[in-house]
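K.L.:
Mind folding the following:
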Amino acid sequence: MVEKSKKLAQTDYLAGNWFEAEAKLLQILHDFPRDAESQLLLVGVLRRTRRFRPALRRLAHLETFDSASRWRYEILRERAIIERRIAEEIEEPFGDDPNDLPTELIAENIKKNIEEIL
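P.N.:
I've put the predicted structure just below:
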């Protein structure tokens, strides 16, 4: 049963259906909270949906599992990718991504403040 659910979650993941994959993985992890493979796949979903902090928390939790040594390389790789993405967001804070600075709002506030001064 769990293997079939994992396969369906993996299929959604590979198709880019992040939220469907996440829902399936969360159900698996509800029933089997120490399933390292599902935890790691969920980290990938969180990374791809730009939820870096929750992904890092999941990785830290995953590293406490006895079975984590089997996934050591993948855990290190995910951590490196996430840290690089966070650094890129810090480096490039302007744009249309959800985590970017709201430049239009900032510009409107500056304009409003100048108009109040004048």
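
K.L.:
What count of nearby residues applies to E74?
P.N.:
As a burial measure, E74 scores 18 neighbours (other CB atoms under 10 Å). No exception for glycine: its C-beta is placed from N, CA and C like everyone else's.

K.L.:
Show the subsequent helix or strand relative to whichever strand or helix holds it.
P.N.:
Taking DSSP states H and E as the definition, E74 sits inside helix 72-91. Reading on from helix 72-91 to the C-terminus, the next helix or strand found by DSSP H and E is helix 103-117.

K.L.:
just how off-centre is that next one within its chain?
P.N.:
33 Å (CA atoms, centre = their mean, to the nearest Å).

K.L.:
picking that back up, can you list contacts of the helix holding E74?
P.N.:
For helix 72-91, contacts defined as CB atoms under 8 Å, 6 or more residues apart in numbering pick out 40, 43-44, 47, 50, 52, 55-56, 59, 62-63, 68, 97, 99-100.

K.L.:
ok, those vs A21, which is closest?
P.N.:
Of all the contacts of helix 72-91, G44 has the smallest distance to A21: 8.6 Å, by CB to CB.

K.L.:
I figured the closest one hits Y13, correct?
P.N.:
Yes - if you go by CB atoms under 8 Å, G44 and Y13 touch, sitting 6.7 Å apart.

K.L.:
just to revisit the earlier point, lowest pLDDT pick from the contacts of helix 72-91?
P.N.:
pLDDT is lowest at N99 among the contacts of helix 72-91; the value there is 63.

K.L.:
Buried residues in the helix or strand bottoming out on mean pLDDT in the chain, which are they?
P.N.:
Here the helix or strand of the chain ranked lowest by mean pLDDT, DSSP states H and E is helix 103-117, holding a mean of 81. Along helix 103-117, not one residue counts as buried under the neighbour rule (16 or more other CB atoms under 10 Å).

K.L.:
Kindly export stretch 2-14 (C-alpha atoms) in PDB.
P.N.:
Presented in PDB, the C-alpha positions along stretch 2-14 are these (Å, rounded to 0.1, in the frame of the first residue of the first chain):
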ATOM      1  CA  VAL A   2       2.700   2.500   1.000                       C
ATOM      2  CA  GLU A   3       4.800   1.600  -2.000                       C
ATOM      3  CA  LYS A   4       1.900   2.300  -4.300                       C
ATOM      4  CA  SER A   5       1.400   5.700  -2.600                       C
ATOM      5  CA  LYS A   6       5.100   6.500  -2.900                       C
ATOM      6  CA  LYS A   7       5.000   5.600  -6.600                       C
ATOM      7  CA  LEU A   8       2.000   7.900  -7.200                       C
ATOM      8  CA  ALA A   9       3.700  10.700  -5.300                       C
ATOM      9  CA  GLN A  10       6.900  10.200  -7.300                       C
ATOM     10  CA  THR A  11       4.800  10.300 -10.500                       C
ATOM     11  CA  ASP A  12       3.300  13.600  -9.500                       C
ATOM     12  CA  TYR A  13       6.700  14.900  -8.500                       C
ATOM     13  CA  LEU A  14       8.200  14.000 -11.800                       C
END
